[in-house]
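>>> Fold the following for me, if possible:
(2 chains)
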There are 2 protein chains.
Amino acid sequence: MLERSLVLSAPGKAILHGEHAVVYGKVALAVALDLRTFLRLRPAGGSVSLRLPSLGAAASWERSRLQALRSGFSADFDESKSPSVEQLNTLREFAGITAESSAPESLATLAFLYMCLAISAKYGWTEEELSLINSWAFQGERVIHGNPSGVDNAVGTWGGALRYQSGKITSLKRVPTLRILLTNTKVPRSTKVLVADVKDKILKFPAIMNPVLDSINAISQECQSVLEAMPGNPSPEYYPVLEELFDINQHHLNVIGVGHPSLDRLCRVTASHGLHSKLTGAGGGGCGITLLRPDTSPLAVEAAKRDLCACGFECWETNIGAPGVTLHSSSALKAEVLHALSMS
Amino acid sequence: MLERSLVLSAPGKAILHGEHAVVYGKVALAVALDLRTFLRLRPAGGSVSLRLPSLGAAASWERSRLQALRSGFSADFDESKSPSVEQLNTLREFAGITAESSAPESLATLAFLYMCLAISAKYGWTEEELSLINSWAFQGERVIHGNPSGVDNAVGTWGGALRYQSGKITSLKRVPTLRILLTNTKVPRSTKVLVADVKDKILKFPAIMNPVLDSINAISQECQSVLEAMPGNPSPEYYPVLEELFDINQHHLNVIGVGHPSLDRLCRVTASHGLHSKLTGAGGGGCGITLLRPDTSPLAVEAAKRDLCACGFECWETNIGAPGVTLHSSSALKAEVLHALSMS
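Sure, this is the predicted structure:
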């Protein structure tokens, strides 16, 4: 049992360049967003209580029931192996989650239960321990996703920006902190269907599409060079290049068929404020990312946000290149975070 | 002197795919448009009169003055050599056109005068004679352009569709007649500046831009295959492919930097009617081309044209794959052509 309250956080994530092309062995860049998920651990007597206020979910289990559940498993929990179908089915049954449910709160509860049973209480983060956190976070991804790339847990653990290619993940040496808007068009889509549609298009027009993937690969590499050069030489001339790369890649993503009228609108609205955007992730709706320059005035940002919200979009201003998983002292937390945590 | 009135026409031209990429040795496809320029030749006594009603220009010269002008030239007129600076300066002075004037009516008058002095009256078009017409049309281009590619005169002479790559022009074997809209955004631009901007962008991001040129090259080749396959197998399934190629190339042209908000708007307006468009030619404004399917209803076309005109654009419905230079019998001409000719 923990003797005091602990507050931890991990960053959000966005794909800067390389979505979809990554499936074909091209480079992708993932960055940590300073839209953080906070976790407060508190002593709670004889039960384990989970409260997920953002997802509107809560659950509580007697420690004795959890111990019985744990000892009922034949196989060990091991961060190097995928959670077994048997383990996941047992946990779903225990938590009262139907086999079909893939609602975020169901999957989050399932991942928490799995981690709670598997991880012994200990913290303190050397590089080796960060690797351990990353491995367990990957297990959580496996519970939720089935076949995760490992990028999301790595960005969450180490923060900053990562390069991903053909299964190999490496951290960028140095990354500047860049201001962005993250905008959710709220248009739902299926990543699986989009990935399959891209594949069909490449098979239909290989000579037209393969060069586009090569160009996206070169964009990711050019962006990596710029990001790594920026901290050592904070020159304003890097921003137009980053903006141009956003514009070009957005056109490419339209070419490979993962654009959407809502994303066109997002780009048009931000362009009318002199800002450059692209879709981020699977496309076909979902989220867009908009670059802000250091000298973009708060008034200009507010005006852009207002126009985006008027489209029915949800919009957050944050930074990319954010720190990874972090242990916070409560006294240093912002009031809004403390308020959100007190609601759980 | 001709004993009777002759009516001739030559088609307009549009680039289907490959604009800009052609500068870098990639394939381009040019097609003859059924937006024709008509010429009526009539006996007119002791003078040569030129009337260009569409350009609002008219001029008349005594035959004796033209003969004196002709004999005053030291060098011969030859369709295999570029018009000399001396010849052009003399003609400008004769016609009262200042050295700086590049207004369409000035250049058209200059080209007419040059051809009038150079060509002896004769007609009748074997393939050899078409080559001669093409050579003289190329001379007209040289008067107007300086450094023409030879595509415009070739499309005007032979009609149909042409493939152009690295200076080599070949006619497509068979071409279907396809309905299109040609829309002028009326946004002026400089082809020279646009070509230079594309070059700068390629030098700045070679690894990103060269694959885009390769993809445009593949689009031109794919389009050529489809066009050549269509006359032998009039299947409706070719149209979605042609539409997809339009969409992809329009994104590519945005990537290489020759898009324009007016062209985005043109594409958006036609998309709202289920039609697919791309810029044609230099971009940065200028004209867009919109594909119509055989089963696109006249009502749908009228609605699209109305919306395009409401943007301040000018819009013509016509065909591509039109016949080349043609000698008409007056009795077979449409009333609107006869009316336009009678105004000269």
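
>>> need the next SSE after the helix or strand hosting residue A:253, C-terminal direction.
For residue A:253, the host element (DSSP states H and E) is helix A:238-255. Once helix A:238-255 ends, the next helix or strand along the chain (criterion: DSSP H and E) is helix A:261-271.

>>> Check which helices and strands that following helix sits against.
strand A:276-280, strand A:287-291, helix A:298-310 (3 or more CB pairs under 8 Å, 6 or more residues apart in numbering or on different chains; DSSP states H and E). Placement of C-beta: from N, CA and C, glycine included.

>>> right, so of the ones you listed, which gets closest to chain B?
strand A:276-280 (12.4 Å; CB to the nearest CB).

>>> From the rest of the structure, what touches the closest one?
Residues outside strand A:276-280 that contact it (CB atoms under 8 Å, 6 or more residues apart in numbering or on different chains) are A:14-16, A:19, A:181-183, A:243-244, A:246-247, A:249-250, A:253, A:258-260, A:263, A:266-267, A:270-271, A:286-291.

>>> that older thread, could you give the angle of the helix holding residue A:253 to strand A:276-280?
50 degrees (axes from the mean of the first three to the mean of the last three CA atoms, to 10 degrees).

>>> which outside residues touch helix A:238-255?
Contacts of helix A:238-255 (CB under 8 Å, 6+ apart): A:17, A:19-20, A:178, A:209, A:212, A:215-216, A:219, A:222-223, A:226, A:229-230, A:259, A:263, A:267, A:276-279, A:283, A:289, A:291, A:293-294, B:205, B:208, B:215, B:247-248, B:251-252, B:254-255.

>>> quick one: that helix to strand A:287-291, angle?
Helix A:238-255 runs at 160 degrees relative to strand A:287-291, counting by the same axes, to 10 degrees.

>>> Check which residues of helix A:238-255 are buried.
Of the residues in helix A:238-255, those buried by neighbour count under the rule 16 or more other CB atoms under 10 Å in any protein chain shown are A:238-239, A:241-255.

>>> Grab the nearest non-local neighbour of residue A:267.
Spatial nearest neighbour of residue A:267, excluding adjacent residues (CB to CB, 6 or more residues apart in numbering or on different chains): residue A:277 at 4.8 Å.

>>> likewise residue A:16?
residue A:29 (4.2 Å).

>>> what residues are up against residue A:288?
A:182, A:183, A:185, A:263, A:266, A:267, A:270, A:277, A:278, A:279, A:280 are the contacts of residue A:288 under CB under 8 Å, 6+ apart.

>>> Contact partners for the residue nearest to residue A:62 when sequence neighbours are not counted?
Closest residue in space to residue A:62, ignoring its immediate chain neighbours: residue A:47 at 5.4 Å, by CB to CB, 6+ apart. When contacts are counted by CB under 8 Å, 6+ apart, residue A:47 touches A:60, A:61, A:62, A:63.

>>> can you check residue A:285 too?
A:185, A:186, A:187, A:188, A:189, A:260, A:262, A:263.

>>> and with 7 Å instead?
A:185, A:187, A:188, A:189, A:260, A:262 (CB atoms under 7 Å, 6 or more residues apart in numbering or on different chains).

>>> Ranking by neighbours, what's the top pick from the residues you listed?
Highest neighbour count within the contacts of residue A:285, by other CB atoms under 10 Å in any protein chain shown: residue A:185, with 23 neighbours.

>>> what separates that one from residue A:155, distance-wise?
For residue A:185, the distance to residue A:155 equals 22 Å [CB to CB, to the nearest Å].

>>> Could you do residue A:222 as well?
Counting by CB to CB, the gap from residue A:222 to residue A:155 is 20 Å.

>>> Compare these two (neighbour count), which wins?
Counted by other CB under 10 Å, residue A:222 and residue A:155 do not tie: residue A:155 has more neighbours, with 29 against 20.

>>> in which helix or strand would I find the residue nearest to that one when sequence neighbours are not counted?
Nearest residue to residue A:155 in three dimensions, chain neighbours excluded: residue A:13, at 4.4 Å (CB to CB, 6+ apart). Taking DSSP H and E as the criterion, residue A:13 maps to strand A:6-17.

>>> Follow the chain on from that strand and name the next helix or strand.
strand A:28-41.

>>> Which elements pack onto that next one?
Helices and strands touching strand A:28-41, by 3 or more CB pairs under 7 Å, 6 or more residues apart in numbering or on different chains; DSSP states H and E, are strand A:6-17, helix A:151-158, strand A:161-165, helix A:206-229, strand A:314-320, helix A:335-342.
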